[in-house]
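Trainee: Take this sequence and fold it.
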Amino acid sequence: MTSSQLTWQALQPDITRYQSVFSQLPEDDIDSLASVQPRLLNALAHLHHQTLGFPLLLIRSQENSDYLARIAQAAQRVATQPTGLYGGEYHIIADNVTLLPPTDRSRPFTSGGEMHFAEWIEFEQLFGCVRLHKDRIQLEPGLIHKANGGTLVLSLRTLLSQPVMWMRLKQCIIQGRFEWLSPDEARPLPVSIPALPLKLRLVICGERDALADFQELDPEVHEMAIYTEFEENIQVLDEEDMTSWCRWTADIARQAGLPMPEADFWPPLINESVRFTGDQETLPLCPRWLLRQLQEASLHGERLDAEALQAALEARGWRESYLAERMRDEILLKQILIETEGEVVGQINGLSVIEFPGHPRPWGEPSRITCVVHPGDGEFTDVERKAELGGNIHAKGMMIMQAYLIAELELEQQLPFSASVVFEQSYSEVDGDSASLAELCALISALANQPVNQQIAVTGSVDQFGNVQPVGGLNEKIEGFFEICCQRNLTGEQGVIIPACNVRHLSLNASVIEAVEQGQFHIWAIERADEALALLTGVEWRTDEGTCLLRTIQDRITQLNQQEAQHRPWPLRWLNWFNHS
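Mentor: As a prediction, this is how the structure comes out:
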């Protein structure tokens with residue numbers, strides 16, 4: 001069995017095959033929406049040509065103006081050129097209000113079928129109002145009148161927080177006319193106002209939980225609606241995909257009045273994008289996130305190039321690093337005990353990701369996990385769970401880890417050892433199963449009395465067959481442990497064990513890559529728990545001949561059982577015959 005030590009090239013996305021895309025990206029006004037949001041355009045086209053049923057499109061998307069504006073632009077793109085006018089013209093003479101057919105597009109209640117959107121809107125802004133001033137009546141249009149004959153794009157949270165607004169809007173669309181109503185039921189309108197003919201397509205955008213609330217609010221309309229999603233990312237598998245993503249990003253820069261990105265701008269942006277999406281073959285389409293990177297880079301130079309973006313990322317990282325630095329200082333000052341040299345039985349460095357409410361980014365930090373064993377009834381004590389600091393997923397990971405070990409030992413009777421596993425100096429809730437591999441290694445180290453190399457940290461979860469499963473926050477975890485090792489001087493033997501499934505999620509910073517390239521730091525990608533044990537202890541888990549951890553534990557169990565048998569009272573020693581038969 002051989003361990004898989006990663007080369008420095010595997011620690012970032014491989015974009016060498018896309019250099020021609022970066023250098024030859026044309027500076028034109030081609031709309032990139034079709035290549036990155038085909039489902040959205042298809043749904044909008046379907047809505048535009050729909051003639052029967054309730055004209056509603058539900059889009060799973062963020063509800064900010066960046067998204068709503070682009071969805072409205074997409075709706076405008078698929079719409080045919082309007083040939084007529086919609087609405088009408090109100091003539092008011094004294095207290096007599098009449099409605100005439102639309103003839104002049106500049107009139108307040110005449111529309112040419114435009115697209116409009118609103119991130120947040122109040123009742124009066126949507127439906128307009130009737131104003132009285134010295135016995136003079138004045139009608140003011142709302143957004144529903146301006147979008148008459150066209151498409152209205154609204155945020156779902158607006159309607160959920162004002163359900164009466166939704167019920168009236170729905171009624172207007174179903175009836176095909178807008179009725180003027182008094183906002184105060186106790187005070188009716190002073191005059192009768194004719195209803196305005198209304199033809200409107202409606203697009204509602206919201207997150208998944210908001211869409212679920214809308215389904216509860218109006219299940220019948222939800223069932224009739226068209227559904228699609230504003231895709232948050234794109235899978236980049238070839239040059240065509242990369243070209244589409246670059247065009248989309250360049251389009252966002254162009255609309256914001258920023259210069260065209262230079263060829264060397266794309267590699268660092270892709271590295272940062274992979275950290276955002278968590279996958280080397282997945283790049284973000286979020287216009288707000290991409291616009292932030294572009295705008296911050298533009299503050300560090302007149303051109304959008306690699307130097308400007310790198311300066312922007314470093315400045316942002318420095319601004320946001322105060323809390324992470326203070327917590328790492330606690331480790332360097334030995335207020336939090338983390339060993340990065342030597343060997344210890346039953347102790348291992350796990351890797352955690354810390355997220356503080358209100359803090360803009362998570363960071364990684366090593367956690368000291370210890371295990372002690374003693375003769376007992378086979379109970380495995382999860383101290384975090386006992387102290388009510390461990391979550392359900394953490395408890396599940398502990399039970400799976402224990403099940404794997406018991407199955408591997410192939411015991412015919414109960415394990416004669418009890419064990420206690422704990423996250424040392426942890427004073428807040430621990431959840432997730434990403435530490436189950438580290439806990440398993442600490443437990444086996446304690447049972448076999450075999451020391452663990454403290455220069456290597458571990459992350460990963462295990463299943464009941466010993467397979468190592470992927471976990472989250474890989475980049476932050478590796479960089480957190482590397483920073484501690486770097487501050488204490490790299491020995492050339494330090495490193496991190498990660499699941500092989502997580503290699504595609506790596507996009508590490510330049511300092512880690514340089515250290516790996518120079519052989520000062522190492523990253524191993526493993527598929528099974530026994531590979532981690534061999535790296536951490538220098539002893540194989542299972543072999544046909546010679547010493548191995550499994551045989552050592554089995555021998556220790558046999559010795560303990562024999563000692564217990566010898567110390568039994570003489571009336572019970574007849575049980576020894578059964579133990580040896």
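
Trainee: all contacts plus neighbour counts: C-alpha atoms, from now on.
Mentor: Will do.

Trainee: Now for Ala250: which residues touch it?
Mentor: Neighbour list for Ala250: 260-261 [criterion: C-alpha atoms under 8 Å, 6 or more residues apart in numbering].

Trainee: What distance do you get for it to Asp66?
Mentor: To Asp66, Ala250 is 15 Å away according to C-alpha to C-alpha, to the nearest Å.

Trainee: cool, Gly519 as well?
Mentor: 45 Å.

Trainee: swap in Pro267?
Mentor: Counting by C-alpha to C-alpha - Pro267 and Asp66 are separated by 25 Å.

Trainee: Assign a three-state SS to the nearest residue to Leu99 once chain neighbours are set aside, would you?
Mentor: Of all residues not flanking Leu99 in the chain, Tyr90 sits nearest, at 4.6 Å (C-alpha to C-alpha, 6 or more residues apart in numbering). Secondary structure state of Tyr90, per DSSP: H, G, I helix; E, B strand; the rest coil, is strand.

Trainee: so where's the stretch 351-500 of the chain uncertain?
Mentor: Along the stretch 351-500 of the chain, no part satisfies pLDDT under 70.

Trainee: all helices of it, in order?
Mentor: 383-386, 392-409, 436-448, 474-487 (DSSP state H, counting those that start in this stretch).

Trainee: on that earlier part again, quick one: residues contacting the residue nearest to Leu99.
Mentor: 97-100, 109.

Trainee: ok, now how distant is it from Asp104?
Mentor: The value you get for Tyr90 to Asp104, if C-alpha to C-alpha is used, is 12 Å.

Trainee: And for His48, the neighbour number?
Mentor: 21 (other C-alpha atoms under 10 Å).

Trainee: give me the element it is part of.
Mentor: Element membership of His48 [criterion: DSSP states H and E] is helix 38-49.

Trainee: what's next to that helix, contact-wise?
Mentor: 34, 55-57, 74-75, 78-79, 201, 226-230.

Trainee: same question, stretch 231-238
Mentor: Under C-alpha under 8 Å, 6+ apart, the answer for stretch 231-238 is 36-37, 61, 241-242, 245, 277, 281-286.

Trainee: repeat that with 6 Å
Mentor: Stretch 231-238 has contacts (C-alpha atoms under 6 Å, 6 or more residues apart in numbering) with 242, 281-286.

Trainee: need the strands for the stretch 151-300 of the chain, in chain order.
Mentor: 151-155, 177-178, 196-197, 201-206, 226-229, 233-235, 282-284 (DSSP state E, counting those that start in this stretch).

Trainee: and the helix holding His48, how far from the chain's centre?
Mentor: Put simply, helix 38-49 sits 27 Å off its chain's centre (C-alpha atoms, centre = their mean, to the nearest Å).

Trainee: ok, now stretch 252-270?
Mentor: Relative to the centre of its chain, stretch 252-270 is centred 24 Å away, using C-alpha atoms, centre = their mean.

Trainee: and what of stretch 500-520?
Mentor: Using C-alpha atoms, centre = their mean, the offset of stretch 500-520 from its chain centre is 21 Å.

Trainee: just to revisit the earlier point, orientation of the helix holding His48 relative to strand 201-206 in degrees?
Mentor: 150 degrees (axes from the mean of the first three to the mean of the last three C-alpha atoms, to 10 degrees).

Trainee: Which SSE is immediately downstream of helix 38-49?
Mentor: Following helix 38-49 toward the C-terminus (DSSP H and E): strand 56-60.

Trainee: In contact with His116: list those residues for me.
Mentor: His116 neighbours (C-alpha under 6 Å, 6+ apart): 147, 152.

Trainee: In a strand, it, correct?
Mentor: Yes - counting by three-state DSSP, His116 is located in a strand.

Trainee: Who does it form a beta bridge with?
Mentor: Beta bridges link His116 to Leu152, judged by DSSP bridges.

Trainee: got the contact list for stretch 516-535?
Mentor: Stretch 516-535 is contacted by residues 4-6, 8, 466-468, 492, 494-500, 515, 540-541 when judged by C-alpha under 6 Å, 6+ apart.
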